[in-house]
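1. Let me see the structure of the following:
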Amino acid sequence: MNKITLDEISQQTKAVIRDIPDFPKKGIIFKDIMPLLANHDVFSKTIKFMADHYRGRGITKVIGIEARGFILAAPIAIELQAGMIPVRKKGKLPYKTISKTYDLEYGQDTLEIHEDAVKPGEKVLIVDDVLATGGTIKAVCELVEKLNAKVESIAMLIELDFLKGREKISGHDLFSLIKY
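-> As a prediction, this is how the structure comes out:
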């Protein structure tokens, strides 16, 4: 079997992502990945392609961001033979945590990670479904760095270029499977 190209997997994945207009509010076009998750063929190819992008880079932990990031991070971690670490909203993790509060378009949010989730020097891959304005991913990078681990890269299923989220994490390696 020939190896699939980025363009091929991007097109196949885009074809099963559904646009939902005016969700969660008027003027927003929500990128719904649920049809992707329901399509075993495309979902498995997508996960394998994203994991293959990072093979041989010494990643020991894959971080998934609540909630859709968990769905992508877990199978990628399995493919990379790495641990999977959840980053959750405040108050959802049962053990001692460190937290980062960051600004949203309207207000603030706080993310937490267990204080022993990663060890100093570990190479971490951060995974999420959508890169929009970049505030969430920047906060997660700061949590990882506070624990003295290295953000080896950030993997996004979708990047919304027009929101310029990449600029907030300009010092980090970023791979996006699909760009809108």
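2. When you work out contacts or count neighbours from here on, use the C-alpha atoms and nothing else.
-> OK.
3. now the helices: where do they sit in the chain?
-> Applying DSSP state H to the chain gives helices spanning 6-15, 34-38, 40-52, 68-80, 135-146.
4. can you tell me which residues contact residue 178?
-> 10, 14, 157, 158, 159 (C-alpha atoms under 8 Å, 6 or more residues apart in numbering).
5. quick one: low-confidence parts of this structure?
-> 1-2 (pLDDT under 70).
6. which residues does residue 56 contact?
-> Contacts of residue 56 (C-alpha under 8 Å, 6+ apart): none.
7. gap between it and residue 64?
-> Note on residue 56: its distance to residue 64, by C-alpha to C-alpha, to the nearest Å, is 20 Å.
8. quick one on the thing from earlier: to residue 21, which of the helices of the chain lies closest?
-> Closest to residue 21 of the helices of the chain, according to C-alpha to C-alpha: helix 34-38, at 15.2 Å.
9. Please save the CA atoms from the closest one in PDB.
-> What follows is helix 34-38, C-alpha atoms only, in PDB (Å, rounded to 0.1, in the frame of the first residue of the first chain):
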ATOM      1  CA  MET A  34     -18.400  13.800  15.100                       C
ATOM      2  CA  PRO A  35     -19.000  12.400  11.600                       C
ATOM      3  CA  LEU A  36     -15.200  11.900  11.400                       C
ATOM      4  CA  LEU A  37     -15.200   9.900  14.600                       C
ATOM      5  CA  ALA A  38     -18.100   7.800  13.300                       C
END
